[in-house]
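Colleague: 3D, please:
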Amino acid sequence: MDKELEGILEEISGNDFDVKDYTSYILEKGISSSYQLSRLTSALSLVESAISNEVFSKHDALILDASRIEGLEERLEMLTQSSKKLLDEISAIRNRLQEPYNVLKTQVVTVARLQVTCDTLRDLSWYLELLLQLENETNLIRQAEILAEVDSVCSKKTLDDLNAYTDTCQSVAAWHSKTEEEAIQRLETALKDGAVNKGVESLQVFDSLGLLSSSVYGFLDRTCNLVQNRIRSAVSGEHLSSVLAEDRKKGYPGRTSTVLSSTRALRSLLWEELEETANTICSCFDQVSCLDRVIGQTYLGSNVTFATRMSPKEKIYLLKIFWSKIIDVIRRELKQSCSESGVVKQSLEEDFPRFLKFVERISKHVQDIQGVGKLEADIFLTRDDVNESFFEIEQSVRSLLAPFQNAYLSQSLSRLFDPVNSMFQVEKVPLVDEIDTLIAVILSEMKVSEKNGSFHLLVSKNIIKCLKLFNVKCETLIVSDSNASQVTAIPNAVQKSNGLVFALLIYFRESVKKHIESHLSEECREDFNSILETSSNLMRATVQLLLDSISDSVEAILLTMHQEDFSAPVRQNTRSTPQCSLYLRELQGFILRVSKDYLGLYGNKENLQPMVIKTANRCFDLFLRHTSLVRPLGEGGKLRMAADFAQMELALAPLGLRLSESGQSYKAVKAFKSMLFNTLEDLVQSPLIGEVVPYSVVLHFIFAQSPPVLKSPHQTANWSITKYSQWLDEHQNEKDRLLLVRGALDAYAHGAKAKNVKLLGEFEIMLQLVEKGLNTL
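Modeller: Predicted coordinates:
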């Protein structure tokens, strides 16, 4: 086929082909009409030729299909006639059944109307019968049951249009109101009397009337409103002022005495009103507690309680609900009253302990009511519920008290700080009378809080802060400069002031331990002990510089022993007792003077004992150290040294010490004195070495008795005695000291070996003693 003819056929055979559009297209393109017509004619001839070919090729099949169509048309005709006949028969049957159906329908409607009429008459009859029973019934529970049946009949709405029903509706409503009011009165009376059984009867009435939940919660609301009005009148400044004005007009004596100022009278009346309010609130809680027990009773002999009927899925705890309401009411009314009256706010803050007693009385009453023994009898509460309720009560009480408590504690802290700040206003040491005033203020603050654990803890913390402030103030009075440590001139003003601070701290410690310690909360014991420790540190600070200066002076005096000659042998044919050394005479005079002039500033020496003992031990240690270092040492020198040991104990006597309390230092001096005249062999075998007398001291003593060629450790190091003593102070570890001694022995051994000189016998003994000490330590 020509491609051009195929294109024409495709255009014409398309679903969107339009003759007018195609003609317009040819005209717009300027195509010749005769040419286009010849093309269309050729295409038409081509199509007719294709159709003819198709018909001729499928002629038999087309004839067969045509014959089948004729058969189908005949069958369709037969089916149409049969359907028409069936429709005619159905129409005839419908006509025969229509009349019986209409008759039956009329009869059914009649029967239904008769049934409704009978039901209405029956309900009306029962309704009138119930009204008659209601008029003749005197039992409140039975009346409620009858009213419940009346409501059940009325709920069917079958009597709404009957005059017999509408005429009695008002009387039924009146019966409802009367029964409900009487049940409310009986319930309130039963709850006031604590009569659970009578309360159960009232709840049975409410349950019959369908008012169980509303009646119970309605009682809570009414009681809460009563409490709210009572609290509002008790704390309202305007109301209190009006009451005072009326009483003054009437001339009532007592609480509104004209002798009292207006503010004092108002405060007095406020606390009287709060006391009465507490009575009212406690009474209300008793009633709610009774109601709690009532709703826990079973209903009409069944196993179902009223509480379960009110809330099948959740537990009901009326006391808890009521407590939350009352706390909210108290908080709201107090906030309102304090915003309106400064006197009321000031009274509640300044007399917070009284307000605390008011709140605690209520909370304790509630906790007593909901005691575990009582609540566990209620089948709808468990121990966990009780514990949770106790916790919530404490939390709500704390929340209620918080603003007033904080204000009171702030004022209390100010009252505690005032005497401390007052006694330290000028730069002089306070008097003991001022300490007594402070103790009196503290005891006054503690007295009002001792009966309340948590409040007492807070007040105790304030007292701890006050005592800490006192220590801080005392610390500012202590002077720690060169004036406080001088021991050469007469005591100066600084030393006298430090002595007074020391005495003040002693009196302070004794006073607080005597009067305050037993009253503090247990939780503050650790802080209190810390304060005592701080005061002890301050006491040490007042005297420590002086004691250090005394120790330094003692060492300076003891150092002069090395300037004296202890090398003399024992004098024959002499029986005179060796005199004490010059340095010891100086030491005795010095200690006597500082004990009288300086330590006497601190009062009773018993108070100085813990600190002076350390100084005495230091003196003994220095005396032992330097006596072991004296070199050369002869037998006559040993006799003088033995006398010095006895005189040393006498030299420290003015300090007022019991030498037995000096401890290890004094024992070492006594033990070393017993070793002075031992032979070298006996000396190194003494069991006191290491246990009482340090190894280094014994080794120093052996050095002192040895020939000069065996140099002491400080001589080996080319140190002075003063420098060596300082090194020993810096190296308290005995092992370090023994290592230095062994170094001196090693240096001697190397020197002797270099000179090819035989080692001294003392060397081997000392080396063994050093090794023994190092192995022991």
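Colleague: biggest helix in the protein by residues?
Modeller: helix 59-136 (DSSP state H).
Colleague: what packs against it?
Modeller: On a contact count with 3 or more C-beta pairs under 8 Å, 6 or more residues apart in numbering; DSSP states H and E, helix 59-136 meets helix 140-154, helix 163-166, helix 169-193. From N, CA and C alone the C-beta is placed, and that goes for glycine too.
Colleague: and of those helices, who's closest to Val684?
Modeller: Ranking the helices and strands packed on helix 59-136 by their distance to Val684 (criterion: C-beta to C-beta) puts helix 169-193 first, at 98.0 Å.
Colleague: so what secondary structure elements neighbour that closest one?
Modeller: So helix 169-193, by 3+ C-beta pairs under 8 Å, 6+ apart, packs with helix 59-136, helix 140-154, helix 196-208, helix 212-235, helix 262-295.
Colleague: in JSON lines, list those along with distance to Leu650.
Modeller: Shown next, in JSON lines, are the helices and strands packed on helix 169-193 (distance: least, C-beta to C-beta, whole Å):
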{"stretch": "helix 59-136", "distance to Leu650": "117"}
{"stretch": "helix 140-154", "distance to Leu650": "106"}
{"stretch": "helix 196-208", "distance to Leu650": "90"}
{"stretch": "helix 212-235", "distance to Leu650": "78"}
{"stretch": "helix 262-295", "distance to Leu650": "71"}
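Colleague: just put those in JSON lines and tack on mean neighbour count and distance to Glu555.
Modeller: Shown next, in JSON lines, are the helices and strands packed on helix 169-193 (neighbours: other C-beta atoms under 10 Å; distance: least, C-beta to C-beta, whole Å):
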{"stretch": "helix 59-136", "mean neighbour count": "10", "distance to Glu555": "115"}
{"stretch": "helix 140-154", "mean neighbour count": "18", "distance to Glu555": "105"}
{"stretch": "helix 196-208", "mean neighbour count": "21", "distance to Glu555": "90"}
{"stretch": "helix 212-235", "mean neighbour count": "18", "distance to Glu555": "75"}
{"stretch": "helix 262-295", "mean neighbour count": "19", "distance to Glu555": "69"}
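Colleague: low-confidence ranges, the stretch 451-600 of the chain, go.
Modeller: The stretch 451-600 of the chain contains residues with pLDDT under 70 at 570-578.
Colleague: how about CSV for the helices and strands packed on helix 169-193, with distance to Glu533 and mean pLDDT added?
Modeller: Listed next are the helices and strands packed on helix 169-193 as CSV, based on distance: least, C-beta to C-beta, whole Å; pLDDT from 0 to 100:
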stretch, distance to Glu533, mean pLDDT
helix 59-136, 85, 79
helix 140-154, 75, 77
helix 196-208, 60, 84
helix 212-235, 47, 88
helix 262-295, 43, 87
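Colleague: any idea which of those gets closest to Phe645?
Modeller: It is, among those and with distance given as C-beta to C-beta, helix 262-295, at 76.4 Å.
Colleague: send the alpha carbons of the next helix or strand after the closest one over as CSV?
Modeller: Toward the C-terminal end, the helix or strand that comes next after helix 262-295 (DSSP states H and E) is helix 306-310. Below are the C-alpha coordinates for helix 306-310, written out as CSV (Å, rounded to 0.1, in the frame of the first residue of the first chain):
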residue,chain,number,x,y,z
PHE,A,306,-20.2,1.3,100.6
ALA,A,307,-16.8,2.4,99.5
THR,A,308,-16.8,-0.3,96.7
ARG,A,309,-20.2,0.9,95.6
MET,A,310,-18.9,4.4,95.4
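Colleague: what's the average pLDDT for helix 306-310?
Modeller: Confidence for helix 306-310, expressed as mean pLDDT, is 80.
Colleague: show me what that helix is packed against.
Modeller: Going by 3+ C-beta pairs under 8 Å, 6+ apart, helix 306-310 lies up against helix 196-208, helix 212-235, helix 262-295.
Colleague: okay, the ones you listed in TSV with distance to Phe358 next?
Modeller: Below are the helices and strands packed on helix 306-310 laid out as TSV (distance: least, C-beta to C-beta, whole Å):
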stretch	distance to Phe358
helix 196-208	29
helix 212-235	10
helix 262-295	5
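Colleague: could you dump the helices and strands packed on helix 59-136 into a markdown table with distance to Arg96 added?
Modeller: As requested, the helices and strands packed on helix 59-136 are exported to a markdown table (distance: least, C-beta to C-beta, whole Å):
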| stretch | distance to Arg96 |
| --- | --- |
| helix 140-154 | 47 |
| helix 163-166 | 48 |
| helix 169-193 | 54 |
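Colleague: before we move on, what SS does Ile316 have?
Modeller: Reduced to three states with DSSP: H, G, I helix; E, B strand; the rest coil, the structure at Ile316 is coil.
Colleague: identify the residue spatially nearest to Glu681, adjacent ones excluded.
Modeller: Leaving aside its sequence neighbours, Glu681 sits nearest to Ile765 (C-beta to C-beta, 6 or more residues apart in numbering; 7.8 Å).
Colleague: no no, Leu416
Modeller: Closest to Leu416 by C-beta to C-beta, 6+ apart is Cys466, at 3.9 Å.
Colleague: quick check, that neighbour in contact with Ile442.
Modeller: Yes - using C-beta atoms under 8 Å as the test, Cys466 is close enough to Ile442 to be in contact (6.7 Å).
Colleague: okay, and the common contacts of the two?
Modeller: The contact sets of Cys466 and Ile442 overlap at Leu416 (C-beta atoms under 8 Å, 6 or more residues apart in numbering).
Colleague: now do the phi/psi pair for Leu676.
Modeller: Leu676 adopts backbone torsions of phi -60, psi -40, taken as degrees, to the nearest 10.
Colleague: ok, it - contacts?
Modeller: Contacts for Leu676 (C-beta under 8 Å, 6+ apart) come out as 638, 641-642.
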